[in-house]
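Trainee: Here is my input, please return the structure:
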Amino acid sequence: MEEHTASPTVMDDMVGLEKLKMDLHSWQSQQKQMPSALLFHGPVGTGKSTSAHLIGKALLGEHHDANFIETNGSDDRGINYVREELKQVMRTKPIGARMKVILLDEADGLTATAQDAMRRMMETYSSNNLLILTCNDISKIKPAIKSRCAVYGFPPVDAFQGANRLAEAYGLDNVAPLVKLIQLNNGDMRQSMIFLNSAGPDYEDRINDLEASMDNSVQHVLADDWLNLRRSFHEQLRMGRGLQAILTNFYNNMQEHFDDEDNIDSMNDIMVAYGDVLVHRHTWVGNAYSYLDYLVAKMRKEVKMNDEQ
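Mentor: Numbers count the residues shown, from 1 in each chain. The predicted model follows:
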């Protein structure tokens, strides 16, 4: 199987997002006044950053490269970043275009003080900038920021629509396993494409292996088998599954076992550890493998400590 990206080249190619696509056409035709800031929120892999890039291309045309600036809120989350780097970007004039488009990815990684400083800059430098913020967790965006943005939700991609897009891009006839793949990745099209690119012609068997690995992870927890839980997580990463998808699916699967009275104490211990580890998600300096190792170690320690009490 040849490697593909299946990436849209214009905004109209995006699956769903009809309101955003209609608004973009209205801004381009000047039938509707364009806001100075947009806020895209939704799960990982639902097209937030891709849409920002496509909007930048649509609005800037041939001047895109000189006037589209991308940065990431989780790379440097503090107030110094906003006051120094972001301010410098926003205050400079566009080159050959009437505006700059500034993408701030993972804005929910910004600290509260950094968001306060950004709000003041949004007010000061709104005349020649379109600021596009993306976030996974909109609850971490302060109301003062949200009120200054046109807000668009990015739901998980419909599995059947996404599967048809993948089948067309990869030249595949059997859509059913692609539906399953997107469902396993919680609607994350990007991770689904990464998986297919690495799976090759045996992609159907690899999808079944991925599903089995995910199911086994919960059984390892219930059996107090931490070594094989770690192996299961690593196997999912090697198969091309994203960290966020692994964490979300593991959490959902664990929740299903809370009705089992024999396991409820262990489930509570594990969920406490899981929540503690998530606190470090945006500041973790290692890779996805080391983060999952830390998660397993934390859960094992929590369960053992409470068993000894």
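Trainee: can we go C-alpha only for contacts and neighbour counts from here?
Mentor: Will do.
Trainee: can you list the domain ranges for this protein.
Mentor: 11-153, 198-307 (automatic domain parsing).
Trainee: Does anything pack onto the strand or helix carrying I69? Which helices or strands?
Mentor: Here I69 sits within strand 68-72, counting by DSSP states H and E. Applying 3 or more CA pairs under 8 Å, 6 or more residues apart in numbering; DSSP states H and E, one finds that strand 68-72 contacts strand 100-105.
Trainee: what lines up beside the strand it packs on in the sheet?
Mentor: strand 68-72 (parallel), strand 129-135 (parallel) (DSSP bridges).
Trainee: pLDDT on the strand holding I69, on average?
Mentor: Mean pLDDT, strand 68-72: 85.
Trainee: Is there a neighbour count for the spatially closest residue to H220 that is not a sequence neighbour? I'd like the number.
Mentor: Closest residue in space to H220, ignoring its immediate chain neighbours: L229 at 5.4 Å, by CA to CA, 6 or more residues apart in numbering. When neighbours are defined as other CA atoms under 10 Å, L229 has 23 of them.
Trainee: which ones are touching L229?
Mentor: L229 sits next to 216-218, 220-221, 296 when contact means CA atoms under 8 Å, 6 or more residues apart in numbering.
Trainee: now do M239
Mentor: 195, 198-199, 206, 210.
Trainee: Out of the residues you listed, which is nearest to G286?
Mentor: F195 (21.9 Å; CA to CA).
Trainee: okay, which residue is most central for this protein?
Mentor: The centre of the chain sits closest to V44, judged by CA atoms, centre = their mean, with a distance of 1.8 Å.
Trainee: so it sits right up against I246, yeah?
Mentor: No - V44 lies out of contact with I246 (CA atoms under 8 Å); the separation is 11.7 Å.
Trainee: hey, which helix or strand in this structure has the poorest pLDDT?
Mentor: helix 79-80 (a mean of 75; mean pLDDT, DSSP states H and E).
Trainee: So for the helix or strand that that helix is followed by, mean pLDDT?
Mentor: Per DSSP H and E, the first helix or strand lying C-terminal to helix 79-80 is helix 87-91. In this model, helix 87-91 carries a mean pLDDT of 87.
Trainee: likewise stretch 170-184?
Mentor: So the average pLDDT for stretch 170-184 ends up being 89.
Trainee: Same check on stretch 294-309?
Mentor: 79.
Trainee: Quick check: buried residues in that stretch?
Mentor: For stretch 294-309, a neighbour-count test (16 or more other CA atoms under 10 Å) marks 295-296, 298-300, 302-303 as buried.
Trainee: the helices in the stretch 1-150 of the chain, which residues?
Mentor: 18-28, 48-60, 64-67, 79-80, 87-91, 112-124, 143-146 (DSSP state H, counting those that start in this stretch).
Trainee: Can you tell me which of those helices is packed in deepest?
Mentor: Across the helices of the stretch 1-150 of the chain, averaging neighbours per residue (mean count of other CA atoms under 10 Å) puts helix 48-60 on top, at a mean of 21.
Trainee: Quick one: list the elements packing against it.
Mentor: Helix 48-60 packs on helix 64-67, strand 100-105, strand 129-135, going by 3+ CA pairs under 8 Å, 6+ apart.
Trainee: And those: which comes nearest H53?
Mentor: strand 100-105 (8.1 Å).
Trainee: Centre of the chain to the closest one, how far?
Mentor: In terms of CA atoms, centre = their mean, to the nearest Å, the centre of strand 100-105 is set 17 Å apart from its chain centre.
Trainee: one step back: can you classify the residue nearest to H220 by secondary structure?
Mentor: helix (DSSP: H, G, I helix; E, B strand; the rest coil).
Trainee: and of the contacts of L229, the nearest to M254?
Mentor: V218 (6.5 Å).
Trainee: so that closest one is in which element?
Mentor: Using DSSP H and E, V218 falls in helix 203-222.
Trainee: packing partners for that helix?
Mentor: helix 176-184, helix 226-238, helix 243-255.
Trainee: Contacts for that helix next, please.
Mentor: For helix 203-222, contacts defined as CA under 8 Å, 6+ apart pick out 177, 180-181, 184, 196, 199, 226, 228-229, 232-233, 235-236, 239, 249-250, 253-254, 263.
Trainee: List only buried entries from these.
Mentor: 177, 180-181, 184, 196, 199, 226, 228-229, 232-233, 235-236, 239, 249-250, 254.
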